[in-house]
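> Mind folding the following:
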Amino acid sequence: MSGQIRDYLRPTYHKIRRLAQRMRRIAPSLPIASHSYRLTRLGSGYGGWTFVDDTNLKNSVIVSCGLGEDASFDIEIASTYGAKVIIVDPTPRAIQHYKAMALRVGEKRQQPYSNTGAQPVDAYDLSNISAAQLRLCEKALWNKNTQLQFFAPSNPSHVSHSIVNFQHDYSTETAHIDVEAITIDKLFTTYDIQDLQLIKLDIEGAEVEVLKDMIAKRIYPKQVLVEYDELSVPSKKSKQRIESAHHALTNSGYSLINCEHTNFTYIRHSI
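The predicted structure follows:
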């Protein structure tokens with residue numbers, strides 16, 4: 001490389017280097033523990049999750065927070081394990097999607113999954129599902145039973161709203177809808193949940209408050225599947241929030257055993 005070209009590229013190189021150093025400073029540290037668990041994955045390429053294939057999931061109750069327009073994981077885990085899935089999502093488009101899906105209970109898949117987050121309802125194989133296995137709670141899981149603002153995403157074509165509004169720098173001044181929130185212990189009472197084997201949290205940043213509330217109330221699902229959505233908009237604040245949730249879990253007997261992009265799988269050992 002000639003000296004002239006090197007001099008021309010030097011500012012760009014230093015800019016990229018500074019950006020990389022900044023990203024390292026604000027990226028949370030979430031080490032994955034070694035383990036011998038048998039991992040499996042269910043759901044579409046977009047909406048699927050990896051978890052531990054545990055016989056205790058058979059005929060169990062599962063809480064799945066954040067439906068959006070992809071119920072592939074919820075349907076496949078209900079079908080595979082005969083589980084009852086309590087789906088929690090107050091978003092209007094998610095509710096519409098659930099209702100359209102519920103009309104097809106008992107029917108086979110008619111087309112393959114979409115590669116996007118908007119699944120056609122006839123892409124679901126509901127032939128091995130009963131209506132009693134899927135229930136929808138039209139509320140937002142939170143750390144208080146209250147009415148709150150549910151902030152719209154930056155891209156109006158997206159479905160998922162956020163309580164903490166991390167996409168807009170945690171502002172309380174952007175477009176929103178008003179929804180009712182429910183705590184995890186109230187959810188347990190409402191749906192008569194006695195033992196929770198698995199909870200999935202894809203709730204656009206609210207997972208931090210919900211996880212801390214869950215642990216404070218000594219509610220310990222065997223498996224916790226969580227999307228740390230704030231990783232998509234990294235900042236010093238998001239780093240602190242995510243690490244605080246991670247430490248709350250690990251200090252309560254959980255180990256992080258898998259990570260796929262922003263999706264994390266924790267399992268709890270007896271302590």
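
> rest of the way, CA atoms for contacts and neighbours
OK.

> Run through the strands of the stretch 51-200 of the chain in chain order.
When assigned using DSSP state E, counting those that start in this stretch, the strands of the stretch 51-200 of the chain occupy the ranges 61-65, 84-88, 134-137, 140-141, 147-151, 176-182, 196-201.

> Just send those back as a markdown table, with distance to residue 110 too.
Compiled in a markdown table, those are given as follows (distance: least, C-alpha to C-alpha, whole Å):
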| stretch | distance to residue 110 |
| --- | --- |
| strand 61-65 | 25 |
| strand 84-88 | 23 |
| strand 134-137 | 20 |
| strand 140-141 | 31 |
| strand 147-151 | 34 |
| strand 176-182 | 34 |
| strand 196-201 | 27 |
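
> Okay, now the unreliable bits of the stretch 51-200 of the chain?
Judged by pLDDT under 70, the stretch 51-200 of the chain has its weakly predicted residues at 149-177.

> circling back to that earlier point, so of the strands of the stretch 51-200 of the chain, which one's packed in deepest?
Between the strands of the stretch 51-200 of the chain, strand 140-141 has the highest mean count of neighbours, a mean of 27, where neighbours are mean count of other C-alpha atoms under 10 Å.

> tell me what that one is packed against?
With contacts defined as 3 or more C-alpha pairs under 8 Å, 6 or more residues apart in numbering; DSSP states H and E, the packing partners of strand 140-141 are strand 176-182.

> now the angle from the strand it packs on to strand 84-88?
Relative orientation of strand 176-182 with respect to strand 84-88: 140 degrees, computed using axes from the mean of the first three to the mean of the last three C-alpha atoms, to 10 degrees.

> Figure out how far strand 176-182 is from the centre of its chain.
Centroid separation for strand 176-182 versus its chain: 18 Å, with C-alpha atoms, centre = their mean, to the nearest Å.
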